[in-house]
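**Student:** Show me how the following folds:
(2 chains)
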Protein chains: 2
Amino acid sequence: MFKFEILKTDESTGARLGRMTTAHGVVETPAFMPVATHATVKSMTSDEIRDMGYNLIIANAYHLYLRPGHKVIENLGGLHKFMSWDRTITTDSGGYQVLSLAQTRKIKDDGVLFRSHLDGSEHFFTPEKCIEIQESLGVDIMMCLDECPPYPSAKDYMEKSVELTTKWAKLCKDSKRRTDNALFGIVQGGVYEDLRERSALSLMEIGFDGYALGGLGIGEDPDRTYEITESTLGHLPTDKPRYLMGLGKPEDIVTAVSMGVDMFDCVIPTRNARNGTLFTSEGKLVIKNAQFAEDVGPIDEGCECYTCRTFTRAYLRHLYLAKETLVLRLLTLHNLHFYAELMKDIRQSIESGDFPNYLSRVKSIGGI
Amino acid sequence: MFKFEILKTDESTGARLGRMTTAHGVVETPAFMPVATHATVKSMTSDEIRDMGYNLIIANAYHLYLRPGHKVIENLGGLHKFMSWDRTITTDSGGYQVLSLAQTRKIKDDGVLFRSHLDGSEHFFTPEKCIEIQESLGVDIMMCLDECPPYPSAKDYMEKSVELTTKWAKLCKDSKRRTDNALFGIVQGGVYEDLRERSALSLMEIGFDGYALGGLGIGEDPDRTYEITESTLGHLPTDKPRYLMGLGKPEDIVTAVSMGVDMFDCVIPTRNARNGTLFTSEGKLVIKNAQFAEDVGPIDEGCECYTCRTFTRAYLRHLYLAKETLVLRLLTLHNLHFYAELMKDIRQSIESGDFPNYLSRVKSIGGI
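**Tutor:** The predicted structure follows:
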């Protein structure tokens, strides 16, 4: 099952408050999906992710196909059971990873031939295979196989690529067997607004449960990212969820929400945490800096996460410099808690009509 | 404050049930101390260590002196506050680390001159300095600075070394300022029973709150370890705690308990966990083995730790092979839970008079 309702649309922006219902519960939107590439949000347990208020995570079909194998996970009762997560799961199809990680790859009309980045073994990813993998995993929201060309790409290449992505999207939809999940199409077209429009309209003709914007935030100017996002959203149906793939600095999120995006995923909160860069209500904080050596305050004064309630900046800095793995989870917990609160605040401000003010407030915090 | 009472002595072995009281609470003995070298039990929070039932951990004065610095920790309110652990803390003086880790070191009559393994800076560790560091940290149980020669060492060298360790022990005791903590002497003497005896008697003459057996389990035959342990214990006062330093396979622990040892520390449960080797009631389990690829059972059927209650062997194996840091904490949690249960079972069996049977049972589990 899959249902999406718009509960409220902000009057002066395009922001939408929504509710998505899947076979694994309800997700309030706009929603941020912590990234669980290998069936774990790095360093966190599923319980910790749930306790922060997340109802939705995103895993990766390419990675889980290669290791431990989708059939293994299916035999073990599916991805939810495997990773002990009973709420909604999205998977990225792995199109992006096939092209960015695999050793050698050859894009053909009916799929991608590639060698595994793990052991060099040869594989052929087709749209049909991609759906088979995601249905084996038993996820709630599947993504179509797409081609995501690098930035910059010439327009004639991009035009053919959009055609291929559309063709694959149709094959994905046709090969879907389960009825308890949703399938999203992925709009491509690079920075070419007319190709984005063509991509969106072709996908809508096939008809999907939701629409993702792929191939953004991969090197183009940030202003261009926003322009393309906004113009593309203008072509998509208002009653379906819109998912901006891979982009997710707090400022990106509030801006994209103001344009009408409902779903986000991004490695920034988790990767930054592992690099010791933390989000706070005052901006970014780099924990290794000498100024924190004897600082008895928490990462963020107002934060109520376990890390902030329990440990000082001085201790966290010590753990970071001593390369103690405990710090990875403590900092990840903090950053994901920051994102959970960000999304709650966004939803609450849309509900209360205060979203435009909230948007300016977040934008006024430098460098996040 | 420091108090040690023997509650019961096993009738047919030397095992003792005891209670140690420090400024930070009560510790039932025999006790195992998880190793928190850098002010963290690797990958675990202090809360998790406490929730497993541990009341006592051991940190390392050498490491904390070098990073972040004992004065920093003192300024921040002491080690308990720094690492958010409100129960008893022991520190090893760092004598062992100075000799095993420091880049260049020269043992002098009044201390050890060495270069830091972190940045090559030069330091001079004296008995007085060693006590100053541990008192700055504010720990409950301090260890004297000792020399721990490698195995094998010639008897004439060892004889002089024991003299030096005794001399340093006296200086340590004389430089102790605080009254809210305890100081343990460290018996050395290698595998020479007469030197062990001389070391023990000299330390007893100075008088300490407890006695540690150092320099064991560093390469000598395991049978020899037990023989030296047993003969040395025969010279030590029965009313003071005895601590066997660094040794701690489950079989070592039960055997040493049967000889009258009260305290243990060892990196085995935590280090083995990080290497994917787990303790179970049936013996050791190597999580990466292919046989667990689709195994939906927990690590240990009867175990009630969070890891066993939540995750399958198949999932843990997947995380281990994918090098996901989550697995470090999940496996460490399991192994430390196993050790916590081991110590509870040991204490309970001494109390109920069943210790000799328990001893045989643990010894009958192969390879632990």
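
**Student:** For the nearest residue to A:His24 once chain neighbours are set aside, give me its contacts.
**Tutor:** Distances taken as C-beta to C-beta, 6 or more residues apart in numbering or on different chains place A:Thr88 nearest to A:His24, at 4.7 Å, with adjacent residues excluded. Where you see a C-beta, it was placed from the backbone N, CA and C, and this is true even at glycine. Contacts for A:Thr88 (C-beta atoms under 8 Å, 6 or more residues apart in numbering or on different chains) come out as A:Met20, A:Thr22, A:His24, A:Gly25, A:Val27, A:Asn55, A:Leu56, A:Ile57, A:Asp140, A:Ile141.

**Student:** Now list the buried members of those.
**Tutor:** By neighbour count, with 16 or more other C-beta atoms under 10 Å in any protein chain shown, the contacts of A:Thr88 hold A:Met20, A:Thr22, A:His24, A:Val27, A:Asn55, A:Leu56, A:Ile57, A:Asp140, A:Ile141 as buried.

**Student:** I'd say the fourth one and A:Arg19 touch.
**Tutor:** Yes - A:Val27 is within contact range of A:Arg19, at 7.4 Å (criterion: C-beta atoms under 8 Å).

**Student:** Output the set of residues of chain A in proximity to chain B.
**Tutor:** A:38-40, A:42-45, A:47, A:67-68, A:72, A:75-77, A:82-84, A:293-294, A:296, A:310-312, A:314-315, A:317-319, A:321-322, A:324-326, A:328-330 (C-beta under 8 Å from any C-beta of the partner chain).

**Student:** Looking at the contacts of A:Thr88, which two lie furthest apart in space?
**Tutor:** Across those, no pair lies farther apart than A:Met20 and A:Ile57, at 13.6 Å, counting by C-beta to C-beta.

**Student:** The closest residue in space to A:Ala322 that isn't next to it in sequence: neighbouring residues, count only.
**Tutor:** Spatial nearest neighbour of A:Ala322, excluding adjacent residues (C-beta to C-beta, 6+ apart): B:His38 at 4.5 Å. Residues near B:His38, counting by other C-beta atoms under 10 Å in any protein chain shown, number 22.

**Student:** so B:His38 sits in a strand?
**Tutor:** No - per DSSP: H, G, I helix; E, B strand; the rest coil, B:His38 lies outside any strand segment and is coil.

**Student:** and it, how far is that from B:Leu64?
**Tutor:** Shown here: B:His38 relative to B:Leu64, a distance of 7 Å by C-beta to C-beta, to the nearest Å.

**Student:** The residue in the stretch 51-200 of chain A that chain B sits nearest to - how many residues pack around it?
**Tutor:** Using C-beta to the nearest C-beta, A:Pro68 is the residue of the stretch 51-200 of chain A that sits closest to chain B, at 4.6 Å. Neighbours of A:Pro68 under the rule other C-beta under 10 Å: 23.

**Student:** Using just helix, strand and coil, how would you label it?
**Tutor:** Of the three states, A:Pro68 takes coil under three-state DSSP.

**Student:** Now it: closest residue in space that isn't a chain neighbour?
**Tutor:** B:His318 (4.6 Å).

**Student:** In contact with that neighbour: list those residues for me.
**Tutor:** So B:His318 contacts A:His38, A:Ala39, A:Arg67, A:Pro68, A:Phe82 (C-beta under 8 Å, 6+ apart).

**Student:** now A:Leu278
**Tutor:** By C-beta under 8 Å, 6+ apart, the residues touching A:Leu278 are A:Asn272, A:Lys284, A:Leu285, A:Val286, A:Ile287, A:Ile299, A:Asp300, A:Leu331, A:His334, A:Asn335, A:Phe338.
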